[in-house]
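Q: fold the following and give me the result.
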Amino acid sequence: MRRLRNVKIVATLGPASETYDMIRALHEAGADVFRLNMSHGTHDEIREKHRIIRQVEKDLESPIAILADLQGPKLRVGTFAKGEEELIEGAAFRLDLDPAEGDETRVCLPHPEIFAALEDGTHLLVNDGKIRLKVTTFGKDFADCEVITGGTISNRKGVNVPDVVLPLAALSEKDRDDLEFACGLGVDWIALSFVQRAEDVVEARTLVQGRAAILSKIEKPAAVKGFDEILAASDGIMVARGDLGVELPVQNVPPIQKRLVRRCRRAAKPVIVATQMLESMIESPMPTRAEVSDVATAIYEGADAVMLSAESAAGAYPVEAVTTMNNVAEEVETDATYREIIESSRSAERATVADAIVAAAREIAETTEIKAICCFTESGTTALLTARERPRVPIIAMTSRRGTARRLALSWGTNCVMTDEMSRFKMAVVSAARAVRANGFGGPEDQIVVTAGLPFNVPGTTNILRVAPCDERLIYNMETE
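A: Presented below is the predicted three-dimensional model:
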């Protein structure tokens, strides 16, 4: 299904979007990737959503990526005798391991690893940062705090600890079960929540065993600090601005977003910008102007994808939210300023033959009448390198591996076409020319650029480029030569 834009759209599925008709409508409206939130729903419910997505994919003959988002370690306070209490600024409040119900002076925090990592002056944030506590004294089973910002605290509210790296396993037992279940289903991407260090990604990769690509969610200060190592260990990145905006001052998030997007692009790894992009569309058929500007900003920055969370999972207007994102993307990408920004931020680093081939393909496409860049790819690397260049013409990723086509549905500008395995470059050019014509990217009078690696079917061997016409005479002559 051809899009009139390059940035991709990720839509989270939930109660508002779990039927065949709705999931199909979301894909037709513009959703390229569906996110399954493992924090919600049973395995049976998730299996059914997965089945429906694959049915939509088959019916529309359009590769769709499925992203399974693991819950990650959740830190929460215990319960209160009255259900909730009001904390007053300047008051003392204790967190401890006592399972007894809490009151206005204390509550259980059943996470000894937090107490083990505390330092004098550590800040604890409760309920998405609405309540801020400062540690004054602590031990192995308690922390006495001063209430810096008061408010209502209630049962099982989340706790963030932004000032220290917690000695937490990146994958809880639930996450391990969910990971194995999702890989067994055949999802394309596994998203890791609350990554703190590259070792967290390495651990997950050992469990995944090549069955899915790994996407690290950046939502903790430690992850921002160690981002380069995390990026090197990951296949993709999500800038998860929700928890990131809780654990860091909110004014820090926009520049961090810009830096991370550029680093991902330089590394030729997909990056999603996520959280509250069209938040008002949970209840309204129209977004705010600020939300539209937020989506546009991520696109101007060169993000591979923008994501809807509750807007498509639980909102009243899921199709309208996807349509709005699609329309914003189409408008931004036709703006001359968009091309100026994208091209001025292009990395000039060239380290391999493949880097040089895809850069040459982009330059040829920009200086001649080329309609598309067709890249033959087994692992997806050639398509990702081509996408890093952000060419002005469409990228057609030709692959015989359906898993590769699905994973590339997350990558900027890639239009995935399934093809037979190739053994001769001549037939690859024929196949590319036919795909361009069949999918409406060009006609008989047009030219394309074809890149591939010889020998075929060996990942990481991109080493050849050809400019070829798409007319019937070329196809006939090459087939009968």
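
Q: how about the strands in the stretch 51-200 of the chain?
A: 65-69, 84-87, 92-96, 106-108, 123-126, 131-139, 142-149, 151-154, 159-160, 189-192 (DSSP state E, counting those that start in this stretch).

Q: could I get those as a markdown table with mean pLDDT?
A: As requested, the strands of the stretch 51-200 of the chain are exported to a markdown table (pLDDT from 0 to 100):
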| stretch | mean pLDDT |
| --- | --- |
| strand 65-69 | 98 |
| strand 84-87 | 96 |
| strand 92-96 | 97 |
| strand 106-108 | 97 |
| strand 123-126 | 94 |
| strand 131-139 | 96 |
| strand 142-149 | 97 |
| strand 151-154 | 95 |
| strand 159-160 | 92 |
| strand 189-192 | 98 |
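
Q: which strand residues bridge F34?
A: A11, I66 (DSSP bridges).

Q: hmm, back to that, and the strands of the stretch 51-200 of the chain: which comes nearest F425?
A: strand 65-69 (28.7 Å; CB to CB). Heads up, the C-betas are built off the backbone N, CA and C, glycines and all.

Q: quick one: the longest helix that the chain contains to strand 65-69, angle?
A: The single longest helix within the chain, with elements called by DSSP state H, is helix 43-60. If you take axes from the mean of the first three to the mean of the last three CA atoms, to 10 degrees, helix 43-60 sits at 160 degrees to strand 65-69.

Q: what comes up buried for helix 43-60?
A: I46, R47, K49, H50, I52, I53, V56, E57 (16 or more other CB atoms under 10 Å).

Q: export these to a markdown table and append columns for distance to V195 and pLDDT.
A: A markdown table is the format used below for the buried residues of helix 43-60 (distance: CB to CB, whole Å; pLDDT from 0 to 100):
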| residue | distance to V195 | pLDDT |
| --- | --- | --- |
| I46 | 22 | 97 |
| R47 | 26 | 98 |
| K49 | 25 | 98 |
| H50 | 24 | 98 |
| I52 | 29 | 98 |
| I53 | 26 | 98 |
| V56 | 31 | 98 |
| E57 | 29 | 97 |
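
Q: what's the domain layout of the protein?
A: Per the record, the chain has its domains at 8-73+169-333, 84-160, 353-480, by automatic domain parsing.

Q: wait, what's in contact with the residue nearest the centre of the chain?
A: In the chain, the residue lying closest to the centroid (CA atoms, centre = their mean) is I272, at 3.7 Å. By CB atoms under 8 Å, 6 or more residues apart in numbering, the contact set of I272 is V10, L215, G236, I237, M238, V239, A303, D304, A305, V306, M307, L410.

Q: what strand or helix carries the fourth one?
A: In this case it means I237. Element membership for I237 (DSSP states H and E) is strand 236-240.

Q: run the chain-centre distance for that strand.
A: 5 Å (CA atoms, centre = their mean, to the nearest Å).

Q: just want the angle from it to strand 65-69.
A: 60 degrees.

Q: buried ones in stretch 4-18?
A: R5, N6, V7, K8, I9, V10, A11, T12, L13, G14, A16, S17.

Q: ok, stretch 417-428 next?
A: Buried residues in stretch 417-428 (16+ other CB under 10 Å): V417, T419, M422, F425, A428.

Q: ok, which pair from those residues is furthest apart?
A: Using CB to CB, the two most remote members of these are V417 and F425, lying 17.1 Å apart.

Q: so the residue nearest to the centre of the chain versus A198, what's the distance?
A: 19 Å (CB to CB, to the nearest Å).

Q: how about the helices in the stretch 351-481 of the chain?
A: Residue ranges of the helices in the stretch 351-481 of the chain, as given by DSSP state H, counting those that start in this stretch, are 353-367, 381-388, 402-407, 425-438, 472-480.

Q: reformat the buried residues of stretch 4-18 as a markdown table; add secondary structure.
A: Output for these, formatted as a markdown table (DSSP: H, G, I helix; E, B strand; the rest coil):
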| residue | secondary structure |
| --- | --- |
| R5 | coil |
| N6 | coil |
| V7 | coil |
| K8 | strand |
| I9 | strand |
| V10 | strand |
| A11 | strand |
| T12 | strand |
| L13 | strand |
| G14 | coil |
| A16 | coil |
| S17 | coil |
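
Q: looking at those residues, which is nearest E331?
A: Looking across the buried residues of stretch 4-18 and measuring by CB to CB, the closest to E331 is R5, at 9.2 Å.

Q: just to check, that closest one is in contact with E330?
A: Yes - with contact defined as CB atoms under 8 Å, R5 reaches E330; the gap is 5.0 Å.

Q: ok so, going back, surely the residue nearest to the centre of the chain is within a strand?
A: Yes - per three-state DSSP, I272 lies within a strand segment.

Q: just the pLDDT at it, thanks.
A: At I272, the predicted lDDT confidence score is 98.

Q: same check, this time on L454
A: 83.

Q: surely it meets F425?
A: Yes - the pair L454 and F425 passes the contact test of CB under 8 Å, sitting 6.3 Å apart.

Q: any weak-confidence spans in the stretch 301-450 of the chain?
A: The stretch 301-450 of the chain contains residues with pLDDT under 70 at 348-349.

Q: about what we covered before: need the contacts of I272 in a markdown table with distance to D69, can you?
A: Converted to a markdown table, the contacts of I272 look like this (distance: CB to CB, whole Å):
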| residue | distance to D69 |
| --- | --- |
| V10 | 10 |
| L215 | 9 |
| G236 | 12 |
| I237 | 13 |
| M238 | 8 |
| V239 | 14 |
| A303 | 17 |
| D304 | 16 |
| A305 | 13 |
| V306 | 16 |
| M307 | 10 |
| L410 | 13 |
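
Q: that older thread, what comes up buried for whichever helix or strand comes after the strand holding I237?
A: Downstream of strand 236-240, the next assigned helix or strand under DSSP H and E is helix 241-247. Residues of helix 241-247 classed as buried: R241, D243, L244, G245, V246, E247 (neighbour count, 16+ other CB under 10 Å).

Q: tell me the contacts of the closest residue to the last one other than its chain neighbours?
A: Taking CB to CB, 6 or more residues apart in numbering as the measure, E247 lies nearest to P162, with 3.6 Å between them; neighbours along the chain are not counted. Remark: with contacts taken as CB under 8 Å, 6+ apart, P162 is in contact with H123, L125, K220, P221, V246, E247, L248.
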